[in-house]
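In: Here is a sequence together with a model predicted from it:
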Amino acid sequence: MSGKLIVFEGTDGSGKATQSKLLFERLQREGVDCRKLNFPRYGEKSAALVELYLGGAFGTHPSDVNAYAASTFYSVDRYASYKQDWGKYYEAGGLLIADRYTTSNAVHQAGKLPDGEREKYLDWLFGFEYGLLGLPEPSLVFYLDVPTELTEKMMREREQATNTKADIHEQDEAYLRACRENAKKVAERCSWQRIGCSKDGAMRTVEDIHEEIYRRVTELLKA
C-alpha cells in the first residue's frame, strides 16, 4: 500500500519552508502520523553536486549548466533520500510533507529552456525520476505563487537576518522571473494546486495562506 506525498513548490523565497513546517506541525498536533522532507539535503554526501552547482563551481550563471545535467544532481539526492530514509515508510502507507521535490526541477531547470523545448524536458524529467528511478509521484502539489518583486524582497531580508549569501539562482533576477512564468505553466499542465500568496501588491499573512492549504489537505486525507 503506497502512502501519500504532499509537496510544497514555488520559486525561491515563496514561503515553502514556512508553509510545509506549519502543515507538518499541525498534523502532528492532531495525532496524524507523518514525516517531513526537505530538498536538497544540504550537508549530505548525495547533495555534494547540488552544493557545488549552486555555489558557482560549475559557472556563476544558472545557464552555465544545462537543464538536464543540473537536474541529475538533484535527482541523485532524492533517490538516496528515498532509499535511505523514507521509502519503506512511504510504501507502508505513510504520509510525507516535502519542501521541494522533483517538481523543483520542473520549475527551475525548465525555466532555462525555450518554450518549444520545455515539454520535451518535462516528459524526460518525470519519466526519469518517477519511471526509471522509481521515485513516487506526489499525491498533491501546492504551488505557492508570489510575484518576483516580493520574493526578491523577502530573500534579501532573509539574507540579512541569517547572514547568508544568495546562491546563483537567487542572485539572478531575470532567471527568477523566467522561473515564475514557467512555473505557472507547469502548475497548470500538472494540475498543481495554485495558492495565490499576495493580494493588492502585498503578501497575505502566513496564517491565512496556511488555512487555505490546510482545508485542501483535509480533503485529500478524507479521500
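Out: Looks like it came in fine. Numbering: from 1, shown residues only.
In: helix/strand/coil for residue 104?
Out: Recorded secondary structure, residue 104: helix (DSSP: H, G, I helix; E, B strand; the rest coil).
In: which non-adjacent residue is nearest it?
Out: residue 9 (6.4 Å; Cβ to Cβ, 6 or more residues apart in numbering). Using the backbone N, CA and C atoms, a C-beta is placed for each residue, glycine as well.
In: Next one: the one you found from residue 184, what distance?
Out: 12 Å (Cβ to Cβ, to the nearest Å).
In: So between these two, which is more surrounded?
Out: Between residue 9 and residue 184, residue 9 has the larger neighbour count (other Cβ atoms under 10 Å), namely 28 against 15.
In: For the chain, which residues score under the pLDDT cut-off?
Out: 1, 155, 158-159, 163, 166-167 (pLDDT under 70).
In: again, 80 this time
Out: Along the chain, segments meeting pLDDT under 80 span 1, 12-13, 151-172, 223.
In: in the chain, which spans are strands?
Out: In the chain, the strands defined using DSSP state E lie at 4-9, 34-38, 95-99, 140-145, 193-196, 198-199, 202-203.
In: Tell me which other helices or strands the third one touches.
Out: The reference is to strand 95-99. If you count contacts as 3 or more Cβ pairs under 8 Å, 6 or more residues apart in numbering; DSSP states H and E, strand 95-99 packs onto strand 4-9, helix 16-29, strand 34-38.
In: go again using 10 Å as the cut-off
Out: Counting contacts by 3 or more Cβ pairs under 10 Å, 6 or more residues apart in numbering; DSSP states H and E, strand 95-99 packs against strand 4-9, helix 16-29, strand 34-38, helix 87-91, helix 206-222.
In: do the same with the fourth one
Out: If contacts are counted by 3+ Cβ pairs under 10 Å, 6+ apart, strand 140-145 sits against strand 4-9, helix 16-29, helix 102-108, helix 173-189, strand 193-196, helix 206-222.
In: For the last one, list the C-alpha coordinates in CSV.
Out: Taking C-alpha atoms only, helix 206-222 is exported to CSV below (Å, rounded to 0.1, in the frame of the first residue of the first chain):
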residue,chain,number,x,y,z
VAL,A,206,1.3,33.4,6.8
GLU,A,207,-1.7,32.2,8.8
ASP,A,208,-4.2,33.0,6.1
ILE,A,209,-2.2,31.0,3.5
HIS,A,210,-1.8,28.1,5.9
GLU,A,211,-5.6,27.9,6.5
GLU,A,212,-6.3,27.7,2.8
ILE,A,213,-3.7,24.9,2.4
TYR,A,214,-5.0,23.0,5.4
ARG,A,215,-8.5,23.0,4.0
ARG,A,216,-7.3,21.4,0.8
VAL,A,217,-5.1,18.8,2.7
THR,A,218,-8.0,17.7,4.8
GLU,A,219,-10.0,16.9,1.6
LEU,A,220,-7.1,14.7,0.5
LEU,A,221,-6.8,12.9,3.8
LYS,A,222,-10.5,12.1,3.8
